[in-house]
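Visitor: pasting the structure only:
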């Protein structure tokens, strides 16, 4: 029987073997940052750290964005892996439910987390979507999808459904208004809210600089 630490370490190695070198900003380093963020947040919450760490490690193992929008791939891959390690069914169900509920689903939709552990992992993932790293990841993903960097003739859209959000092909700058700038006020934990403040401000300053340069004013 493996210890919890052994399960976590084996899971980290497994995820690293799959996502290392991925070029869209959803690579192993993203996972590592989310894992670290989650542990930082969990240190101030009365949460099950074993579930938090495993969910953080596995949250992007089969991201729908890279499987034709199929939201079932990630939970199935996570369940298969954890079953191989003899993790209990209750724990597997909890982790898979976190993976299912984690994604941002559009500006005018809700994506509530049903457990504290899920809230922590969602906060950790959202922290990595904002600030300097969030900006870098956004443009990396836009390039990966062959999207325009910016087009002043295409306005941002606050999506009403997950399907509309998933199918968007808008320029990368639009994503700031459609998701990134909304995340600060959707953090669950106080630790994440505190960390999000500075990152949010950095994005606003970046956009001001971007538009000034676009107009040739700086």
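Guide: Perfect, thanks for sending it. Note that the structure is predicted; figures quoted are calculated from it, not measured.
Visitor: contacts, neighbours, all on C-alpha from now
Guide: OK.
Visitor: which helix is the longest one in this protein?
Guide: helix 190-214 (DSSP state H).
Visitor: Please name the residues that touch residue 94.
Guide: Residue 94 is in contact with residue 51, counting by Cα atoms under 8 Å, 6 or more residues apart in numbering.
Visitor: Next one, pLDDT for it please.
Guide: For residue 94, the model assigns a pLDDT of 96.
Visitor: Could you look up the SS state of it?
Guide: What DSSP: H, G, I helix; E, B strand; the rest coil gives for residue 94 is helix.
Visitor: Now find how far off-centre the longest helix of the chain is within its chain.
Guide: Offset of helix 190-214 from its chain centre (Cα atoms, centre = their mean, to the nearest Å): 17 Å.
Visitor: Remind me what that helix packs against, helices and strands.
Guide: helix 116-127, helix 131-144 (3 or more Cα pairs under 8 Å, 6 or more residues apart in numbering; DSSP states H and E).
Visitor: Show me the contact partners of the last one.
Guide: Contact partners of helix 131-144, identified using Cα under 8 Å, 6+ apart, comprise 23-26, 127-129, 148-149, 171-172, 175, 196, 198-203.
Visitor: now do the shortest one
Guide: For helix 116-127, contacts defined as Cα under 8 Å, 6+ apart pick out 34-35, 37-38, 41-42, 47-49, 51-52, 55-56, 98, 101-103, 113, 134, 183, 187-189, 192, 195-196.
Visitor: Specify the angle between it and helix 190-214 in degrees.
Guide: When axes from the mean of the first three to the mean of the last three Cα atoms, to 10 degrees is applied, the directions of helix 116-127 and helix 190-214 differ by 20 degrees.
Visitor: going forward, begin numbering at 14 instead of 1
Guide: Will do, 14 is the new start, and the previous item becomes helix 129-140.
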